[in-house]
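**Q** Task: produce atomic coordinates for the following.
(one chain, ligands or ions: 1)
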Amino acid sequence: MSFSALGLSDPIVRAVAEHGYTEPTPIQKSAIPAVLEGRDLLAGAQTGTGKTAGFVLPILQRLHAQIARDGALTRRRVSVLILTPTRELAAQVEESVRVYGKHTPVQSTVIFGGVGMQPQVERLARSLDILVATPGRLLDHAQQRTLDLSTVSTLVLDEADRMLDMGFIHDVKRVLALLPKKRQNLLFSATFSDEIRRLADSLLHQPLEIEVARRNAPAELVDQCVYLVRKEAKRHLLARLIKRHDWHQVLVFTRTKHGANRLAEQLSKGGISALAIHGNKSQSARTRALAEFKDGSTQVLVATDIAARGIDIKELPHVVNFDLPNVPEDYVHRIGRTGRASMSGEAISLVGDDDLPLLAGIERLIRRKLPRATLSADDAAELEATVRSAGPDIDTRPPLPPRGRSGGGARRGSGGQATPRPQSNFRQSPRDGNRQGQATRAGTGASRSR
Ligand code: AMP
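**A** Numbering: from 1, shown residues only. Down below sits the predicted model:
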């Protein structure tokens, strides 16, 4: 099936073709005709499914038709509002609007916090069709009356589950109160908690419900494995894997911002270029880190789940879970960063004793046991010596914040330290040395880089 068969017009089909898409993804096939008809939508779809084009393309088409009717010279007010949980996602969605809308006169902008208000105020005063925003900054503008939402006829809530996880429900409700009652609503969410269902019930009118599997379901494209490793040895093992296989573009997840900073510093001291990205960093630092990571000048990006949300890097070859996530679903989100666009990727988890309950939760969710990787006896001994000579790795991380969701939590015992185990850093396994195949695959990473 082609994009034009879905009812999209030439300027949009052309932009999509120029962007290299030949065929719509399953969510696009369902969502595009429904959005064109003006229907509400409840879509269960994660990043990686092509969901963004699923709503952006039909929205562009409708706006283009409207502009053609009203005349392109009329000054226009916001008619489509797209809310996202993070600044990175907001920026990426607006970039997609520009890319797919490049042959149309549709005007868009993005607003989020952490940057100056004034340039946004000036932009909001000019002709505008699509506004992509994070809720907090949007409300700031509404309060200061530098933004009028009374002309919005379509609302998109992207990654609604994240929005609620991040505590934005009240902000979202305040935004809803500023919109005209009669409008089209599109709600995208990777998961469907009771809270999301309640929000959907209050928001959507006879929605089309779409549920799509990820294009890159974990089992298909991502080569996953687990190293059972003492906590003190994790950073040494990570450095070793990166150096040994000459990995580039490694996205490493830690549970806390502090952990992200610490690991990035440690890796940098060990000669591996690494930057941390998390919510405490300024927007410019985050943008810079992401740009350096994308262009290859930074080898490793260490991120927390929230900061990494929305990072869309084509063909990211390696994802490392330095800490397992507290919520098993986040494991699927994390490894979804790799193995995009039909390329294979690799996701490695470094699992300490205290993470074992979390690992069990993840394996239950994905309904498979993750393969355990081991080092050869020689490599294990070498690593042991490195850990010993580096001395104790004092964990000064602050305690975990409550997540308010089930799914583990048995992260650390009192004091936050793993019980020291004097024996090897690894669980010994009869499959010693079975990472050889991995080394070969990692060594062929050139085929993935553009
Ligand atoms: P999303 O789920 O919107 O975050 O999109 C995930 C990735 O899929 C992005 O890198 C898009 O550029 C890409 N993508 C979206 N639609 C298509 C398509 N029809 N064919 C190929 N790639 C696509």
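
**Q** The nearest residue to residue 247 once chain neighbours are set aside bridge partners, please.
**A** When the adjacent residues along the chain are set aside, residue 247 lies closest to residue 318, with 5.2 Å between them (CB to CB, 6 or more residues apart in numbering). Bear in mind the C-beta positions are built from the backbone N, C-alpha and C, glycine included. In this structure, residue 318 has the following beta-bridge partners (DSSP bridges): residue 250, residue 346.

**Q** where do the helices sit along the stretch 101-250 of the chain?
**A** Chain-ordered helices for the stretch 101-250 of the chain, with DSSP state H, counting those that start in this stretch as the definition, fall at 118-124, 135-143, 160-165, 169-177, 194-203, 218-221, 234-245.

**Q** can you list the domain ranges for this protein.
**A** Following the assignment in automatic domain parsing, the chain carries domains at 4-211, 222-439.

**Q** would TSV of those domains with distance to the ligand, mean neighbour count and mean pLDDT be doable?
**A** Supplementary listing: the domains of the chain in TSV, determined by distance: least, CB to the nearest ligand atom, whole Å; neighbours: other CB atoms under 10 Å; pLDDT from 0 to 100:
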stretch	distance to the ligand	mean neighbour count	mean pLDDT
domain 4-211	3	19	94
domain 222-439	5	18	75
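
**Q** Return the list of helices and strands in contact with the helix ranked longest in the chain.
**A** Looking across the chain with DSSP state H, the single longest helix is helix 51-70. Judged by 3 or more CB pairs under 8 Å, 6 or more residues apart in numbering; DSSP states H and E, the packing partners of helix 51-70 are helix 10-18, helix 26-37, strand 41-44, strand 80-83, helix 87-100, strand 154-157, strand 184-189.

**Q** what's the closest of the ones you listed to residue 111?
**A** With distances scored as CB to CB, the stretch of the helices and strands packed on helix 51-70 nearest to residue 111 is helix 87-100 (7.7 Å).

**Q** contact partners of that closest one?
**A** Contacting residues not belonging to helix 87-100 are listed as 12, 15-16, 19, 52-53, 56-57, 60, 82, 84, 106, 108-114, 130, 132-134, 158-159, 283, 286, 290, 307, 309-312 [CB atoms under 8 Å, 6 or more residues apart in numbering].

**Q** what angle separates it from helix 51-70?
**A** Put simply, helix 87-100 runs at 50 degrees to helix 51-70, going by axes from the mean of the first three to the mean of the last three CA atoms, to 10 degrees.

**Q** Could you tell me how far helix 87-100 lies from the centre of the chain?
**A** Here the centre of mass of C-alpha atoms in helix 87-100, compared against the chain's by CA atoms, centre = their mean, to the nearest Å, lies 13 Å away.

**Q** For that helix, C-alpha coordinates in PDB please.
**A** Extracted in PDB, the C-alpha atoms of helix 87-100 (Å, rounded to 0.1, in the frame of the first residue of the first chain):
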ATOM      1  CA  ARG A  87      11.600  18.900  25.300                       C
ATOM      2  CA  GLU A  88      13.600  16.500  23.200                       C
ATOM      3  CA  LEU A  89      10.400  14.800  22.000                       C
ATOM      4  CA  ALA A  90       8.800  18.200  21.300                       C
ATOM      5  CA  ALA A  91      11.800  19.300  19.300                       C
ATOM      6  CA  GLN A  92      11.800  16.000  17.300                       C
ATOM      7  CA  VAL A  93       8.100  16.100  16.600                       C
ATOM      8  CA  GLU A  94       8.300  19.700  15.300                       C
ATOM      9  CA  GLU A  95      11.300  18.700  13.200                       C
ATOM     10  CA  SER A  96       9.100  16.000  11.700                       C
ATOM     11  CA  VAL A  97       6.400  18.600  11.000                       C
ATOM     12  CA  ARG A  98       8.900  20.700   9.100                       C
ATOM     13  CA  VAL A  99      10.300  17.700   7.200                       C
ATOM     14  CA  TYR A 100       7.000  16.300   6.100                       C
END
